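Undergrad: turn this into a model:
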Amino acid sequence: MKNFAGIMLCIMVKIMNDVIIHLKKTALAVLVISALISCSSAPKRPDAVKKGDYSYAIEHIKWLIGREMSRAKIEGLSIAIIDGQNVVWAEGFGYAVKSRGIKAARDTLYQIGSISKIFTAMAAMKLVEKGKLDIDRPVSHYLKGLAYRKRFTAPEPRVRHLMYHHSGLPSDNLAMLFTRKSSIPFTAMAAALKDEYAAYPPDLVYSYCNLCVNLEGHIIQKVSGRDFISFTDRELFRPMGMTHTSFSNTPSDEALMSMGYLMGEESDRYVINPLPAGSAISSVSDLAEFIKTLNAGGMRGATRVLAEKTLKKMFIKQNTGSPYDFDLGFGLGWFLSGLDFLAKTRINYGGLVAWHAGSTVLFNSMLAVIPDMKIGVVVLSNSNTGSMAVAKIAVESLNRAIEAKTGEISAAAAAPEPAMEGPGESDPGSIEGYYATEYMGAVRIKKSGSGASMEVGGYSMGMTFYGGKKFRLSYFGIRPGIFRDSYFTVEKVSGKTLLVSEIFGRRYLAGTKAERVRAPDSWLKRAGNYSIFDPGDTVQLFGKLRLGFDDGYMLAYYNITGTPEFIPGMILVPLSDTEAVIAGLGRNMGQTIRVVVRDGKEMLYFSGVLLRRED
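TA: Numbers count the residues shown, from 1 in each chain. Alright, predicted model coming up:
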């Protein structure tokens, strides 16, 4: 959700940034191995927990929050843990507005980012209950005249596809996502699709899509006959007692609103233009009321917000036919797996955990529930550096809540990871090449002697093979925290060579091997640095884009504003003298970069953004 070179967008801004930060920390640890990180010890884990006693859970999470806020440089954070109809704990830590000495609290308001998507899905299902919306109709049935290009023959995506990120449409409109002061009507994004190509046929692969949820909200507005903000206020937020929550970019009470922090510096919050995809402002107190409504089967007091059977439908896995989704599950508006992958922390529960994270330019958030146990947690923070810390805090809060709810210490939490078989023989040469990944950018596997290495964000990671197929990554023999519990394999699936990540027994698509395609001379001549042309009010988090070539691959590198380093972000596959497709499967991949001419000069066009070459 950023402008260019934000081609990697939220995932690339947040997770790729974290990858580099973790690798730099690992490098420092190698150089200064004797340095110690001073932090207090975790509270002693009890041998037993009394059923319903949350005292140890709260004590442990308070300690964890202190540690993670310090490590991730988070200025302010609020948390709530819910059991049934009880908010067993809600508290704020650090500062909502540091310059004014205002502490974070349970009622502090934050931008909650993509947690908003849950409420957009609920609004759609509210219209389904009213008989006004059929989510199995094509999108164009409700948005007349919707047009986009495609290079394949496939059915049109249905409204349902929008709700679980399998429409195949472009992930974002980068020119319309974040602005500093001015706002762009979210309904304008449908018309802007006419110049874009669909990336994939529907249901081929999970590809996170802000634009799609924005279209979903557009449909809700048209079908309901009311503007999106007032419809969700009246039908959802007010009936659930969420008195300070709204999709408006303006908080209900400015005195409760947290500032945002960009690399530790106070920053005015930005305008989030795709309202249905990420503009909601809320607090842990309000979101606790939402979780209580879920726990009550859609009731709040005597008010029926949504039918229990409707809520259960939202927790049913939709992506059952994709060959590339592996263990990733997605319901209607909810992730149904993958939280352990994001948090790099095991969830000590084998049943359904439904969740959604939110990342804006400045704020990071997480909401997770276990419907069968009627417990949930929400964590909101105000710093751009906090995405992985917030996820870890949420998972550990769920783990402690499970123990308090059941009165049982989880064996999985106490047991070490099972030992893997010893390193075995492998043929690294067979898997050499570039791989397009969603959260690490363009990575390269290279054979080195009898072994191999993977280049990630400019760092060379050692590959240790186990049994000839699985491998782990390390940096100077040390596994960075983000890779500590992960194994990788390279395997062929439905005609594609995939990089697959395995963590805590679940497998997820990590990347797709790119084929070498000879670039025409027209593209070779375009090598060089590019900057955004006339960004106007658009938020810029990236500096430059560099178009380059390496061993037969055309690559787009980007650099984060304020840093000199260029990170290989995308692999481009030329289709003609003026069009190239981003290689890979997943967010922003499969999309098209075009050459256009403005005022007699060639420029690159991607997702509404123009890039001009620096002469």
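Undergrad: so which residues of the stretch 201-350 of the chain form helices?
TA: Here the stretch 201-350 of the chain has its helices, by DSSP state H, counting those that start in this stretch, at 210-224, 228-232, 275-278, 284-295, 308-314, 339-343.
Undergrad: do the stretch 1-150 of the chain as well
TA: 9-11, 17-31, 55-72, 116-129, 139-142.
Undergrad: Val517: which of the helices of the stretch 201-350 of the chain is closest?
TA: Judged by C-beta to C-beta, the one of the helices of the stretch 201-350 of the chain that comes nearest to Val517 is helix 210-224, at 27.1 Å. All C-beta spots, glycine's among them, are computed from the backbone N, C-alpha and C.
Undergrad: that older thread, let me know which of the helices of the stretch 201-350 of the chain is tucked in deepest.
TA: Among those, ranked by average contacts under mean count of other C-beta atoms under 10 Å, first place goes to helix 275-278 (a mean of 28).
Undergrad: what is the rounded mean pLDDT of that helix?
TA: Helix 275-278 shows a mean pLDDT of 98.
Undergrad: which other helices and strands contact it?
TA: helix 116-129, helix 210-224, helix 228-232 (3 or more C-beta pairs under 8 Å, 6 or more residues apart in numbering; DSSP states H and E).
Undergrad: any residues touching the shortest one, and which ones?
TA: Which is helix 228-232. With contacts defined as C-beta atoms under 8 Å, 6 or more residues apart in numbering, helix 228-232 is touched by 119-120, 123, 186, 217-218, 220-221, 224, 246-248, 275-276.
Undergrad: how about the longest one?
TA: With C-beta under 8 Å, 6+ apart as the test, helix 210-224 has contacts from 1, 114, 117, 120-121, 123-124, 127, 132-133, 139, 142-143, 146, 157, 159, 161-163, 165, 167, 169-173, 177, 186-187, 189-190, 193, 227-228, 231, 274-278.
Undergrad: just the CA coordinates of that helix, formatted as PDB?
TA: C-alpha atoms of helix 210-224 as PDB (Å, rounded to 0.1, in the frame of the first residue of the first chain):
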ATOM      1  CA  ASN A 210      -6.200  -4.400  -1.900                       C
ATOM      2  CA  LEU A 211      -7.800  -3.400  -5.200                       C
ATOM      3  CA  CYS A 212     -10.200  -6.400  -5.100                       C
ATOM      4  CA  VAL A 213     -11.500  -5.600  -1.600                       C
ATOM      5  CA  ASN A 214     -11.900  -2.000  -2.700                       C
ATOM      6  CA  LEU A 215     -14.100  -3.300  -5.600                       C
ATOM      7  CA  GLU A 216     -16.000  -5.300  -3.000                       C
ATOM      8  CA  GLY A 217     -16.700  -2.100  -1.000                       C
ATOM      9  CA  HIS A 218     -17.700  -0.400  -4.200                       C
ATOM     10  CA  ILE A 219     -20.300  -3.100  -4.800                       C
ATOM     11  CA  ILE A 220     -21.500  -2.800  -1.200                       C
ATOM     12  CA  GLN A 221     -22.100   0.900  -1.700                       C
ATOM     13  CA  LYS A 222     -24.000   0.400  -4.900                       C
ATOM     14  CA  VAL A 223     -26.100  -2.500  -3.700                       C
ATOM     15  CA  SER A 224     -27.000  -1.000  -0.300                       C
END
